[in-house]
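Q: coords please:
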Amino acid sequence: MSAAMTAVDVTADWYWEGNVVRALAQFLSESGWTITGLADTRSKARGVDLEATKAGETLVVEAKGYPSSHYRDPRKAAEKKSTNPASQAQQWYSHALLKGMRLQNLYPESKVALAFPDFPRYRTLYGETEGGLRQLGIGLFFVRENGEVTPLDM
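A: Numbers count the residues shown, from 1 in each chain. Below is the predicted model of the structure:
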């Protein structure tokens with residue numbers, strides 16, 4: 001396989017969804033939560049990305065990564081994506097919001113939260129939706145490259 005045909009391993013990026021979920025799971029475990037479920041992000045498994053319990057409370061989390069500028073598909077590895085990552089991040093943020101609302105219906109007794117890698121674009125989108133998220137009762141976690149997690153409205 002030529003260099004141009006080699007897939008870009010976006011899963012190695014700290015901001016890939018699976019790495020965000022793993023860092024959040026570690027943070028929650030260290031905060032006394034028991035992790036009861038983790039989605040297999042690599043295989044694009046559907047469902048709750050992370051589920052945890054603590055003192056009789058259940059937390060369900062929808063996580064997103066940050067869009068890469070490269071394709072994972074080996075056939076397109078030499079191409080740069082035409083979509084601007086910041087524009088695609090807005091789409092991913094909106095999808096996470098919708099999923100959060102759906103999770104509230106599926107798990108009405110649980111706390112629902114979203115998790116994102118800590119990028120300025122996601123910070124801006126959070127600032128633009130913070131009041132609505134509070135009214136909906138949806139919390140949010142930002143995960144930094146060093147694994148540090150900032151919980152908001154939790």
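
Q: Give me the distance between the closest residue to Lys54 other than its chain neighbours and Tyr66.
A: Using Cβ to Cβ, 6 or more residues apart in numbering and skipping residues adjacent in sequence, the residue nearest Lys54 is Trp33, 4.4 Å away. Bear in mind the C-beta positions are built from the backbone N, C-alpha and C, glycine included. Distance, Trp33 to Tyr66, by Cβ to Cβ, to the nearest Å: 24 Å.

Q: Look up how far Ser31 lies from Trp92.
A: Taking Cβ to Cβ as the measure, Trp92 falls 26 Å from Ser31.

Q: Between the two, which has more neighbouring residues?
A: Trp92 (19 against 12; other Cβ atoms under 10 Å).

Q: quick one: the helices in this protein?
A: Per DSSP state H, the chain carries helices over the ranges 17-30, 85-106, 120-136.

Q: winner for burial among those?
A: Most buried of these, by mean neighbour count (mean count of other Cβ atoms under 10 Å): helix 17-30, with a mean of 20.

Q: any idea of the angle that helix forms with helix 85-106?
A: Using axes from the mean of the first three to the mean of the last three Cα atoms, to 10 degrees, the direction of helix 17-30 lies 50 degrees away from that of helix 85-106.

Q: can you give me the offset of helix 17-30 from its chain's centre?
A: Relative to the chain's own centre, helix 17-30 is displaced by 10 Å; criterion: Cα atoms, centre = their mean, to the nearest Å.

Q: Convert the C-alpha atoms of it to CSV, please.
A: Below are the C-alpha coordinates for helix 17-30, written out as CSV (Å, rounded to 0.1, in the frame of the first residue of the first chain):
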residue,chain,number,x,y,z
GLU,A,17,-14.3,10.7,20.6
GLY,A,18,-13.0,7.5,22.1
ASN,A,19,-10.2,9.3,23.8
VAL,A,20,-12.6,11.9,25.2
VAL,A,21,-14.8,9.1,26.6
ARG,A,22,-11.8,7.4,28.1
ALA,A,23,-10.5,10.6,29.8
LEU,A,24,-14.0,11.3,31.1
ALA,A,25,-14.4,7.8,32.5
GLN,A,26,-11.1,8.1,34.3
PHE,A,27,-12.2,11.5,35.8
LEU,A,28,-15.5,10.1,36.9
SER,A,29,-13.9,7.0,38.4
GLU,A,30,-11.5,9.2,40.4
